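Colleague: just coords:
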């Protein structure tokens, strides 16, 4: 070791002599002067009485030790490494969990690297404080950061062969908060193993004294309990009390306090979860120690020892609770803000206030679960004994499972071993192994399946997304990203983009209204042909109505309500597909849309969030609001560091918005309107009227519904994870059968809840501005008299027929 030290010092001297000759020359001069002074002092020292010499040695040693500490603290000549400065001590960099707080002031989640929520001294049980002090540092209130009595006692025990620690609570705080043993540089001398430990210990002593100067004893105890690791992903006493006992730090009793303080010696060995017997023994040792310090009697102690450890354990994970897809998306959503602001949502203890309401979120999740269970039962029955992955000709896709397998981690790992030998790769992928898969009854079930079989199993499930917003504020109030987050993290609200089908007709008709048409204008429902050029080649497109029925002259209002394809295509052809795309972007679609005729029937992918937001622009009288996920963010001290930009912009004329709102309402009033399936739910006893639009893409791969009211709108998508997985018939797979019920179930709960009566209300009957075009027209379909018994006389006027919803 000394050889290394001498070599290191020689290298340092050579470096200094080469780089800083003036400083080196000065140091040499001082050194020689010191040697001469030391010789004279030693000669005089030998003439002094022995007791003077002893005092001199002690004083000199103390001075040299203090000088050494000073040199360590200032990192003299880079020999010792950097230590925490006064600024670091006054403003320690401590990781704290950021809270996600809902609009109804509920904590719905956290972001953290260390799950820590700080508390104040007044929020900590005095019983816990007593237990901590008498267990970890019984002279805590008497020392100034270093317990020399404990140090000498520890040295004595080392000589006896019974080594123990002598760190005070303050020194442990230094290690926890400032991480002096790994976060700060070691310096040149710190590279030597024996000296490294001494230097680190000196740093802890120095910093402990500084902390004692800066903070009161109560503040030190609070900081210690807020920083220490209690195991089970529990950093700090707040999280520990919640994790192990589902209580608050202020409510901890002696036996609970003893269990937690006992953990500090070794969080795994004394864990009440992993080693309950050892945990109880350690708890009882801590309790006995309290007797020795007069906290309570032996009788009380024996009574407490006899009580088994009563846990109410619930380890908190990053993604527990509600709105899991929303919270995962929110983290990505805030990345740009983090880069601009310099804050870290995983470490800075922020309070992220979101627009989402936890009560509405519960209603949304309940609605999704109920409807998707029903959809799944129908899907299983529909494909019983068959695989649902089919091509456009309804033929099973042969390599479907294999192609998905090639994208898995298991395949990539085997490929590294077997290269391009797929026979060997798939041999191992077909070997059964223990795995966990999704199940509606239990949420997850353990089973034995091969990778290939698990792919087959998991692709028999239908998926969904649902989002609800306030049209006048843009605030997102509920967000369900899929049927289960643990098995499918890919969000179906904002990340996934699918063909919107007939919901896209909102933009076709908006473009038509902006070109001067009205809901009461007529067009002929008849076959239509659209010739166009694509990549320099002439092409022709001839879409049909879903039922292959043509109804002759109909109003645009009726055509929109019945979702007649041929009328939408005629309108898109009249105004131009560019105008339709422009209308979509004005209302809120951000995704680039394909410039081709089939886009008019929703053949170009969009996300559910931007689609619902676009409907909101119409309901909000043509004023666009960006979706608001976060209303404000506060730092750890409660200062507002971000506030949502609530700017709005008129993107379409008021008259156009009014006319399109009437069109949306027509889905409930026009004969055969596809939105009329909403009558199945208890929605119409709350002075609220509805509008909406269904949509279904080709082959029923994507089913949609966007429902609107004056104050709250919502949209749902239902489909397979892969586009080739879907129902075979519109009767089972269309939007009114799969997606619309989610909105209906959700709104039924919302309207019944008195807390949300502000969401009730009808659309205004009178416009704010003059409407120059006719919109009060209603289609009447006479009764088919050929079905009436001709022997009886019809004496009443023909009634409006009830038409089952048939959508496109």
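Modeller: Nice, I can see it. Everything numeric in this text was worked out from a predicted model, so none of it was measured.

Colleague: Which residue, other than its chain neighbours, is closest to residue 699?
Modeller: Among residues not flanking residue 699 along the chain, residue 726 sits closest, at 5.8 Å (C-beta to C-beta, 6 or more residues apart in numbering). Where you see a C-beta, it was placed from the backbone N, CA and C, and this is true even at glycine.

Colleague: so the one you found makes contact with residue 696?
Modeller: No: checked against C-beta atoms under 8 Å, the pair residue 726 and residue 696 is beyond contact range at 9.8 Å.

Colleague: what residues does stretch 523-537 touch?
Modeller: Contacts with stretch 523-537, where a contact means C-beta atoms under 8 Å, 6 or more residues apart in numbering, come from 538-545, 550-554, 556, 559, 564, 566-567, 569-571, 573, 596-597.

Colleague: For PyMOL, write the select line for the buried members of the residues you listed.
Modeller: Under the burial definition 16 or more other C-beta atoms under 10 Å, those of the contacts of stretch 523-537 that qualify are selected in PyMOL by:
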select buried, resi 541+543+545+551+554+556+559+564+566+567+569+570+571+573+596+597
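
Colleague: Residue 726 and residue 696: which is more packed in?
Modeller: residue 696 (34 against 26; other C-beta atoms under 10 Å).

Colleague: how about the helices in the stretch 51-200 of the chain?
Modeller: 86-90, 126-136, 148-159, 169-173, 193-214 (DSSP state H, counting those that start in this stretch).

Colleague: what's the least confident stretch among those helices?
Modeller: Looking at these, the lowest mean pLDDT belongs to helix 86-90 (a mean of 59).

Colleague: circling back: among the contacts of stretch 523-537, which lie within helices?
Modeller: Among these, the members falling in helices are 556, 559, 566, 567, 569, 570, 571, 573 (criterion: DSSP state H).

Colleague: Number of residues surrounding the spatially closest residue to residue 540 that is not a sequence neighbour?
Modeller: Distances taken as C-beta to C-beta, 6+ apart place residue 531 nearest to residue 540, at 5.1 Å, with adjacent residues excluded. For residue 531, the tally of surrounding residues (other C-beta under 10 Å) stands at 11.

Colleague: In a helix, residue 531, correct?
Modeller: No: applying DSSP: H, G, I helix; E, B strand; the rest coil, one finds residue 531 to be strand, outside a helix.

Colleague: Number the residues from 54 up from this point.
Modeller: Will do, 54 is the new start, and the previous item becomes residue 584.

Colleague: per-residue confidence at it?
Modeller: pLDDT, residue 584: 93.

Colleague: That one and residue 590: what is the separation?
Modeller: Using C-beta to C-beta, to the nearest Å, residue 584 is found at 11 Å from residue 590.

Colleague: And the residue nearest the centre of the chain, which helix or strand is it part of?
Modeller: Compute the mean C-alpha point of the chain, and by C-alpha atoms, centre = their mean the closest residue is residue 380, 2.3 Å away. Assigned by DSSP states H and E, residue 380 belongs to helix 377-386.

Colleague: Which residues does that helix contact?
Modeller: 153, 161-162, 164, 372, 398, 405, 407, 409, 414, 529, 532-535, 538, 542, 544-548, 682-683.

Colleague: how about 7 Å then?
Modeller: 153, 162, 164, 372, 398, 409, 532-535, 538, 542, 544, 546-548, 682 (C-beta atoms under 7 Å, 6 or more residues apart in numbering).
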